[in-house]
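S.K.: Here is a sequence with its predicted model. Questions after.
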Amino acid sequence: MTVDQSPAWAALNSHADELRHKHLKTLFAEDANRFDNFSVSAAHCLADFSKQRITATTLQRLIDLAEQQQLPQKIEALFGGEHVNPSENRPALHTALRQPKTAPLVLEGEDITKQIHASLERMEALVEQIHNGQWRGYDGSPIKHVVNIGVGGSDLGPLMACRALNLFTSPANRNIDIHFVSSMDGSQLAQLLNSLDPASTLFIVSSKSFSTIDTLANANTAREWLIDASELSLELISQHHFIGITANQAKASEWGIPEKNQLHFWEWTGGRYSMWSAIGMAIALHTGNDNFRKMLAGAHEMDSHFRHAPLTENLPVLLAMIGIWNINFLDIHAHAVLPYDGRLQHLPAYLEQLEMESNGKSVTLKGDKLNYATCPILWGEIGPNAQHAFYQLLHQGTESVMCDFIAPARRYQEYGDDLQAQHQLALANCLAQSRLLALGDSVLEDGDTAPSHKRYRGNQPSTTLIIDELTPESFGALIAMYEHKVYVQSVIWEINPFDQWGVELGKQVATSLLDQFSHPTAAKTDSSTAGLIRFVQQQQGVQS
Amino acid sequence: MKVKVHGANLTAWVAAACLARAGNDVCIENPEAQLDKPLQDISALRDEPGLLDQIELQMQQGRLKRNLTEDSETTIHWLALEHNEFALAERIVQHLAKQVAEKLLIINQCNFGVGATTQLQRHLNESAKQAVVYVPNNLQEGKALQGFSQPKRITIGSDNNWAITMTRSLIRPFLQNINQLLLMTSREAEFTKLAITGMLAIRIGYINEIANLADQMGVDIDIIREGMGTDPRIGSHYLSPGCGFGGQNFNLNISQFSDIFEKRGQNSLLKTVISENEIQKELLFKKLWQHYQGDLAGKTVAIWGASFKPGTASIDNAPSVKIIDALLAQGVNVRVHDPEALNNLQRYYAEEPLISFCTAPYAAIDEADALLLVTEWPEYWSPDYLQLLESMRRPLIIDGRNIFDKEALEMYGFTYIGIGR
């Protein structure tokens, strides 16, 4: 029996029949205390769910569903290191990455807390050496530029965090410029290399498997660039200009990274859950080791809340369950992430991977095909910019979309009035948009007299997340909250959020197609692919 | 005359010593932190050749006292405070303005920047002959006593005739060898002071840049330098390439000047010179690194000379410190000799196990994989090459001041690396 045939699911279905046609403006009219009744705070974050299309009954039935799915036990299983990723037969212990040193966690006889902290301390020592100007390039120059080469989880998390915590740098960190390169076509790298001095540039090659073709293609190009500039051997260049961060020590060594330049993490760290490990080295380089630790501490605070708070007050749980309500009972399949703080510009891309790679599944843990919706299409943009792009669709299009509005309460405290006024302007816009999306033109006294092309129907549900201010701690807590939200939804849907078999086949097919460009054989491709290859070859032939 | 000197740094002590030696009745008012220290524990005195002796002598003879209580009869005050003590200077001036109702002369020798003297003057009543005069501090560490008592030129920054006459009579004993006595406003004098220091820094920065280029192009900077120096428009002073300049006052003045540009949002040559100089300080390390292709851990490196220039024990902003830091970070055993600066160095690297402080130059080179000549003390100019060859594990000499004869060293069998040749 899948979850959609369960009693709790059926109860929600019939409840939805009652509520489906009720407009949010009616819900607000019926209950003057919606904010008090439907907002929850934990670990630097306040979530206001009152603009969701829910009542107290909805929440109660959602909690019933969570309990029916044994969520509390599943949360313990996650933290306790059980094999919550059965298709790869391993645990998912990103929570352990931010546990304090004093909390041992034994996995197959080994205290992994010890290993985690040993790896962190090695990373910190390297960071310090670089900050002190004592990591030297091939001619003895101190390193000034660090380029993080990675893709997916080895790129999105560190990139997002570096931008988000841009203000949290010390003078020592400011001497080091951090750059990110991910795209396999080399366009980011080629442009970047033009502006860098090879002798003072260090590359961090981040890859869990150390066989990601995108990353290795970029790393090879970078290494050739250094060898050309220095006229030194590959071995010397690898030694002075490359750090490898990986769970596959042998592969990294094979590529040429000496062991003293390697930082390791573990098979049980999912790529998209890995910025808390040595993969986050770029974050520590940019913001300092202290702030990296503070980010871990903030995430740990959210972990403790998630693990111990009752379901009814549990921020990630409520966020997840209301998502389930929207997706499975109100039939909403689009989710917009809208930060009203430019520093969170990479949060949407990060959450796209976190949510869609985790829960974009259609088979249960037992291997059965599902017949209910799972992860929606998720996208986003800095809110104020998106107001000039796709908000038109949110307000007047035909799609129902659920939105997360995210903003810090305090900002620019130590700057002038002008910038504080800009922040206030952004906040006013944030609140105006969620209000208008919920209530439509009923916010105006004579809204219903406007011509139809000027009407706002409203009833688009949203959650507003306000963090106290954007600090390493609150940022860590915010990201951990989304991680747990994803896990909770996977528990309800009975799917595995920690594998990603859907990205494997494409790599294989690409490898086999690569040959087709040099040795075209008519066999084994479809006519479209064959035709496209032919066209590309003609074009390349014309140019050469 | 009765003079009170306010300050605790080298400038203050040098002024006190020289003014007392010239027969004045001098009192030096130190801040409390320094008051309890015996004279020989004050680094400004210890590091400057001859200064401690002179201070002790003047005290014995009763012309110099430390921290006398208030004395309203003292009408001449000499300010030699730190560059960041402007608020203190203001408090002193305000206090004196009340204490000495008329005929108060304050000589300001502090590096407060352009316009500071005018600001201090605002606390005084000029019509009652209360005046601040700016006399730029041309102190050169290592030659400070001589610089004060036998200057070649003096600038008096003031437009108050009474104050100028008073100042001139106070410094009269020091004017025997004077070539030029310049009069200008205090603002102009303050600006000039910074402009001169900046110009010197730019010259050094430029010759260092050329030397690095000469290195890459295989020409000898010594010959280039000679060629440049014979052009009368250029001259040969401040044209020696080296591994970076240091010292407290020099660095302070040029960064102050560069800050003025920066505050006005203007790029300055000086800013580049300062940052390039910091890079230049690591040059010897980089040459060593390149020679051993980065394989430095466990090697032994001898360093000759650690003070920022010969004739002083000061290691403030000295290239040696950056070089030693870099070597230690690579796990190199460092053996350092300096005739004066060892104590300061020992204090700076108190907890560092990889460094040995050698009291004889040849003790430093024992089993060394390289010798780095950082400060050109006279005793290093003509070493016993055979002993070097015998003691060193590898005969590699990296000469940061180009004091050795390259051809001779190569003839002996050394590998020689200089700056720009």
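M.R.: Yes, it's here.

S.K.: ok, the closest residue to chain B within the stretch 401-544 of chain A - contacts?
M.R.: With distances taken as Cβ to the nearest Cβ, the stretch 401-544 of chain A approaches chain B most closely at A:Gly416, which sits 17.2 Å away. C-beta here means a position set from N, CA and C on the backbone, and glycine is covered the same way. With contacts defined as Cβ atoms under 8 Å, 6 or more residues apart in numbering or on different chains, A:Gly416 has no neighbours.

S.K.: Next, count neighbours for the nearest residue to B:Leu104 once chain neighbours are set aside.
M.R.: Distances taken as Cβ to Cβ, 6 or more residues apart in numbering or on different chains put B:Gln130 closest to B:Leu104, at 4.3 Å, once the chain neighbours are dropped. By the measure other Cβ atoms under 10 Å in any protein chain shown, the count of residues near B:Gln130 is 24.

S.K.: tell me the phi and psi of B:Gln130?
M.R.: The phi and psi values for B:Gln130, taken as degrees, to the nearest 10, are phi -110, psi 120.

S.K.: Helices along the stretch 1-150 of chain A, start to end?
M.R.: Counting by DSSP state H, counting those that start in this stretch, the stretch 1-150 of chain A has helices at residues A:7-19, A:24-30, A:34-37, A:56-68, A:71-80, A:112-131.

S.K.: What residues of the second one count as buried?
M.R.: Taking 16 or more other Cβ atoms under 10 Å in any protein chain shown as the basis for neighbour counts, the residues of helix A:24-30 that come out buried are A:24-25, A:27-28.

S.K.: ok, and which of the residues you listed reach chain B?
M.R.: On the criterion Cβ under 8 Å from any Cβ of the partner chain, none of the entries of the buried residues of helix A:24-30 sits beside chain B.

S.K.: before we move on, back to that, can I assume the residue nearest to B:Leu104 is in contact with B:Leu120?
M.R.: No: judged on Cβ atoms under 8 Å, B:Gln130 makes no contact with B:Leu120 at a distance of 10.6 Å.

S.K.: Relative to A:Leu120, how far out is A:Leu216?
M.R.: Computed with Cβ to Cβ, to the nearest Å, the distance linking A:Leu216 and A:Leu120 is 26 Å.

S.K.: same thing with B:Glu226?
M.R.: Relative to A:Leu120, B:Glu226 is positioned 57 Å away (Cβ to Cβ).

S.K.: quick one: which of the two has more around it?
M.R.: Neighbours of B:Glu226 and A:Leu120, each counted by other Cβ under 10 Å, are more numerous for A:Leu120; the result is 23 against 12.

S.K.: wait, the more buried one sits on A:Trp276?
M.R.: No: taking Cβ under 8 Å as the contact criterion, A:Leu120 and A:Trp276 are not neighbours in contact, 9.4 Å apart.

S.K.: can you pull the contacts of the residue nearest to B:Leu104?
M.R.: B:97, B:100, B:102-104, B:124.

S.K.: and these, which two are the farthest apart?
M.R.: With Cβ to Cβ as the measure, no two of these lie farther apart than B:Ala97 and B:Lys103, at 12.2 Å.

S.K.: And these two? Which one has more around it.
M.R.: B:Ala97 (17 against 14).

S.K.: Which neighbouring elements make contact with the helix or strand where A:Thr464 lies?
M.R.: Of the helices and strands defined by DSSP states H and E, A:Thr464 is found in strand A:462-469. Counting contacts by 3 or more Cβ pairs under 8 Å, 6 or more residues apart in numbering or on different chains; DSSP states H and E, strand A:462-469 is packed against strand A:45-48, strand A:402-410, helix A:417-439, helix A:472-493.

S.K.: Is the residue of the stretch 51-200 of chain B found nearest chain A part of a helix or strand, or is it coil?
M.R.: Ranking the residues of the stretch 51-200 of chain B by distance to chain A (Cβ to the nearest Cβ) places B:Asn84 first, at 18.0 Å. Assigned state for B:Asn84: coil (three-state reduction, DSSP: H, G, I helix; E, B strand; the rest coil).

S.K.: Check what pLDDT it gets.
M.R.: The score at B:Asn84 is 84. That number is its pLDDT.

S.K.: hmm, back to that, just name the most buried of the helices and strands packed on strand A:462-469.
M.R.: Mean neighbours per residue, mean count of other Cβ atoms under 10 Å in any protein chain shown, is largest over the helices and strands packed on strand A:462-469 for helix A:472-493, with a mean of 25.

S.K.: who does that helix touch, helix- and strand-wise?
M.R.: Helix A:472-493 makes packing contacts with strand A:45-48, helix A:56-68, helix A:71-80, helix A:156-164, helix A:289-308, helix A:315-324, helix A:358-359, strand A:462-469 when contacts are defined by 3+ Cβ pairs under 8 Å, 6+ apart.

S.K.: if we can go back for a sec, could you pull out the buried residues of the strand holding A:Thr464?
M.R.: A:462-469.

S.K.: what residues go with each domain of chain A?
M.R.: Domain ranges of chain A: A:3-68+A:309-501, A:96-292, per automatic domain parsing.

S.K.: so A:Asn261 makes contact with A:Gln239?
M.R.: Yes: if you go by Cβ under 8 Å, A:Asn261 and A:Gln239 touch, sitting 7.0 Å apart.

S.K.: Would you tell me whether the helix or strand of chain A with the lowest mean pLDDT gets close to chain B?
M.R.: For chain A, using mean pLDDT, DSSP states H and E, the weakest element among its helices and strands is helix A:171-174, scoring a mean of 73. No: no part of helix A:171-174 sits close enough to chain B to count as contact by Cβ under 8 Å from any Cβ; the gap is at least 13.6 Å.

S.K.: Now do the residue in the stretch 301-421 of chain B positioned nearest to chain A: how many residues are near it, please.
M.R.: Closest approach of the stretch 301-421 of chain B to chain A (Cβ to the nearest Cβ) occurs at B:Ala329, with a separation of 3.6 Å. Neighbours of B:Ala329 under the rule other Cβ under 10 Å: 18.

S.K.: The closest residue to it other than its chain neighbours: what's it in contact with?
M.R.: Distance criterion Cβ to Cβ, 6+ apart; nearest residue to B:Ala329, sequence neighbours excluded, is A:Gln134 at 3.6 Å. When contacts are counted by Cβ under 8 Å, 6+ apart, A:Gln134 is found next to A:142, B:325-326, B:329-330.

S.K.: and the gap between A:Gln134 and A:Glu121?
M.R.: The span separating A:Gln134 from A:Glu121 equals 17 Å under the rule Cβ to Cβ.

S.K.: next one: A:Ser183
M.R.: As defined by Cβ to Cβ, A:Ser183 lies at a distance of 33 Å from A:Glu121.

S.K.: A:Ser187 too?
M.R.: As for A:Ser187, its distance to A:Glu121 is 37 Å (criterion: Cβ to Cβ).

S.K.: Sketch out the low-pLDDT regions of chain B for me.
M.R.: Filtered on pLDDT under 70, chain B yields the residue ranges B:32-33, B:68-70.

S.K.: can I get the buried residues of strand A:462-469 in a markdown table with pLDDT?
M.R.: A markdown table is the format used below for the buried residues of strand A:462-469 (pLDDT from 0 to 100):
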| residue | pLDDT |
| --- | --- |
| A:Ser462 | 97 |
| A:Thr463 | 97 |
| A:Thr464 | 97 |
| A:Leu465 | 97 |
| A:Ile466 | 97 |
| A:Ile467 | 96 |
| A:Asp468 | 94 |
| A:Glu469 | 95 |
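
S.K.: Show the backbone phi and psi for the closest residue to A:Ala161 other than its chain neighbours.
M.R.: With Cβ to Cβ, 6+ apart as the criterion, A:Ala161 has its nearest non-adjacent residue at 4.5 Å, and that residue is A:Ile283. Listed backbone geometry of A:Ile283 is phi -70, psi -50, with angles given as degrees, to the nearest 10.

S.K.: Equivalent analysis for B:Lys263, please.
M.R.: Backbone torsions of B:Lys263, given as degrees, to the nearest 10, read phi -60, psi -30.
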